[in-house]
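*Asks:* Build me a model:
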Amino acid sequence: MSPDIGAAEARRIFLDAQSLARRRPSRRPRDADFAAYLERQGVLQLDTVNVLARAHYLPLYSRLGPYRPAVLDAFLWGDERGHSPHAFEHWGHEASVMPLDVLPLMHHRMLTTTTWKARTRDALERERPGLLAQVQAAVEESGPVVGADLEHLAPREGRSGPWWDASHAKVAAEYLFITGGVAASRGRHFARTYDATMRGWGLPAADRGDWGVPADEARQALFDRALSACGIGTPKDVCDHFRLPFQAGPRTPGVAGGKAWAASAVERGLAQWVSVEGWDEPALLATGSATPERPHHRAAQDPGRATGRALLSPFDPVCWFRPRLQRMFGVDYRIEIYTPESKRVYGYYCLPLLVGDQIPARLDLKADRKAGVLRVLAAWLEPGVATGARRMTSARIAAAASDELDLMARWLGLDSVEVSDRGDLARPLRSQRAASPGATPSTAIL
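*Replies:* Now for the predicted structure:
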């Protein structure tokens, strides 16, 4: 039996849901564009790695083009002493910023006991009795504060170790953040700040209020929202968006699971089951329209042709779920940041290159800010090709990569792009740039 949807159509639907199917707008991005992205995706992942740009800057850049990072920071976190009226920070897809209307759906995560929560609380109460209450009281009285402002509550008894050797006070603040005892934001240099939840969210602490959606309903609502963000995908694809457990297990007893959430979405008219060319299991296709009860729901759309082009961060939603990336785009992708250098295959910070509905290459990039250079440490062609797609020529890929590198250098305020000779795309890329002298921009978007 022939599939309901071709592989290329599925890619276009997914890219359309991700706002990557079309070329970027020519105008400068505005707060309304940031809000639209956050509303559609429901989550923006954070990470401290800054070898190129902060993780949360890149997905917006890939879709909207150059913008001033300080403008996005102000949208996401407000000023240094305040909180954004648009968003909050918690554990969505790892550490994330999410729109405020998702906050009640996170309440159950704040209160659910996990091994880390239990172990951390027991250790703190054993080693520093009463510290959790002291930290929470200090934050409520003096917030927003950073971890260093709380050190006097539990001075270190010896010299501090490596950067991950957190003090008792910092661990206590992080515990309260994860459990909803305090609200988090970001201050100077991306430092996490802690404040009273009444100031940060306008709500009492998670264990003092009943403002959350019950756990079962919240997980279904998160699954529904992820379905709109993906447009099409297997239940596991959709679950990964908010890191929902696919099935009940020792850490998640009593969870309905992805199959049940998918069945509910179909029953309520939010999705239908389809078969996709080259996929081994059925997929969910988002259907229906937004309603007052589901204002963020969006039916899947096929744009007919994918014309977008972008370098994608390792923390971009497109790259989150490795099985989907392999199945849709024929790309076997692994983040090698935490891999020892001697064992890395492609490079420390590789960005997949999206061209149309294919990912034909990846580039290992570094912003050498002192030298004013965007360094391409390696450039690789993908060995595979997406199902139903024709392999692109290396010349076309190099031309697309060169244009994207120039745009990124301009955004980062770097004066030049330098391409090393590592990788099988390096020579075509260097040839392309040699044939287009003077392409490197000199105007920063900072």
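
*Asks:* now the residue lying closest to Y67 once chain neighbours are set aside, what's its secondary structure?
*Replies:* In space, and not counting its chain neighbours, Y67 is closest to P29: 4.2 Å by C-beta to C-beta, 6 or more residues apart in numbering. In this view, the C-beta of every residue, glycine as well, is placed from N, C-alpha and C. Following DSSP: H, G, I helix; E, B strand; the rest coil, P29 is assigned to coil.

*Asks:* Then the one 10 residues further on?
*Replies:* E39 carries the three-state label helix when classified by three-state DSSP.

*Asks:* one step back: burial check on the residue nearest to Y67, number of neighbours?
*Replies:* Applying other C-beta atoms under 10 Å, we find 21 other residues in the vicinity of P29.

*Asks:* so what's the backbone phi/psi at it?
*Replies:* Dihedral pair for P29: phi -60, psi 150, per degrees, to the nearest 10.

*Asks:* following the helix or strand hosting W380, which helix or strand comes up?
*Replies:* Take DSSP states H and E as the rule and W380 turns out to sit in strand 373-381. Helices and strands here follow DSSP H and E; after strand 373-381, the next one along the chain is helix 394-412.

*Asks:* buried ones in that next one?
*Replies:* Of all the residues in helix 394-412, those buried under the rule 16 or more other C-beta atoms under 10 Å are 394, 397-402, 404-412.

*Asks:* Over to stretch 293-310?
*Replies:* For stretch 293-310, a neighbour-count test (16+ other C-beta under 10 Å) marks R294, H296, H297, R298, A300, D302, A306, G308, R309, A310 as buried.

*Asks:* Leaving out chain neighbours, which residue sits closest to R344?
*Replies:* Of all residues beyond its chain neighbours, the one nearest R344 is E336 (4.5 Å), with distances taken as C-beta to C-beta, 6+ apart.

*Asks:* Please, which helix or strand holds that neighbour?
*Replies:* Following DSSP H and E, one finds E336 outside all helices and strands.

*Asks:* got the angle for the strand holding W380 vs helix 394-412?
*Replies:* 150 degrees (axes from the mean of the first three to the mean of the last three C-alpha atoms, to 10 degrees).

*Asks:* Describe which strands strand 373-381 pairs with in its sheet and in which direction.
*Replies:* Using DSSP bridges, the strands paired with strand 373-381 are strand 358-368 (antiparallel), strand 416-419 (parallel).

*Asks:* Tell me which of these sits nearest to R119.
*Replies:* Set against R119 and scored by C-beta to C-beta, the strands paired with strand 373-381 come closest in strand 358-368, at 36.7 Å.

*Asks:* mean confidence score for the closest one?
*Replies:* Here strand 358-368 scores 98 as its mean pLDDT.

*Asks:* Could you do stretch 191-199 as well?
*Replies:* The average of the pLDDT scores along stretch 191-199 is 94.

*Asks:* buried sites along it?
*Replies:* Applying 16+ other C-beta under 10 Å to stretch 191-199 flags R192, T193, Y194, D195, A196, T197, R199 as buried.

*Asks:* Please apply the same query to stretch 426-439.
*Replies:* Judged by neighbour count (16+ other C-beta under 10 Å), stretch 426-439 contains these buried residues: A426, P428, L429, R430, Q432, R433.

*Asks:* Just the ones of the buried residues of stretch 191-199 in helices?
*Replies:* Of the buried residues of stretch 191-199, the ones assigned to helices by DSSP state H are T197, R199.

*Asks:* S19: which of the buried residues of stretch 191-199 is nearest?
*Replies:* The shortest approach to S19 among those belongs to R192, at 27.9 Å (C-beta to C-beta).

*Asks:* Does that closest one have any beta-bridge partners, and if so which?
*Replies:* When bridges are taken as DSSP bridges, the partners of R192 come out as R186.

*Asks:* Check the gap between it and L325 for me.
*Replies:* Using C-beta to C-beta, to the nearest Å, one obtains 30 Å as the distance from R192 to L325.

*Asks:* Repeat that for Q272.
*Replies:* Q272 is 24 Å from L325, where distance means C-beta to C-beta.

*Asks:* for D79, same thing?
*Replies:* Going from D79 to L325 by C-beta to C-beta gives 37 Å.

*Asks:* if we can go back for a sec, which one's more surrounded, Q272 and L325?
*Replies:* Using other C-beta under 10 Å as the criterion, Q272 and L325 rank with L325 on top: 19 against 16.

*Asks:* tell me the pLDDT at that one?
*Replies:* L325 is assigned a pLDDT of 97 by the prediction.

*Asks:* sec struct for it, please.
*Replies:* When the structure is reduced to helix, strand and coil (three-state DSSP), L325 reads as helix.

*Asks:* pLDDT weak spots in the stretch 1-150 of the chain?
*Replies:* In the predicted model of the stretch 1-150 of the chain, residues 1-2, 80 satisfy pLDDT under 70.
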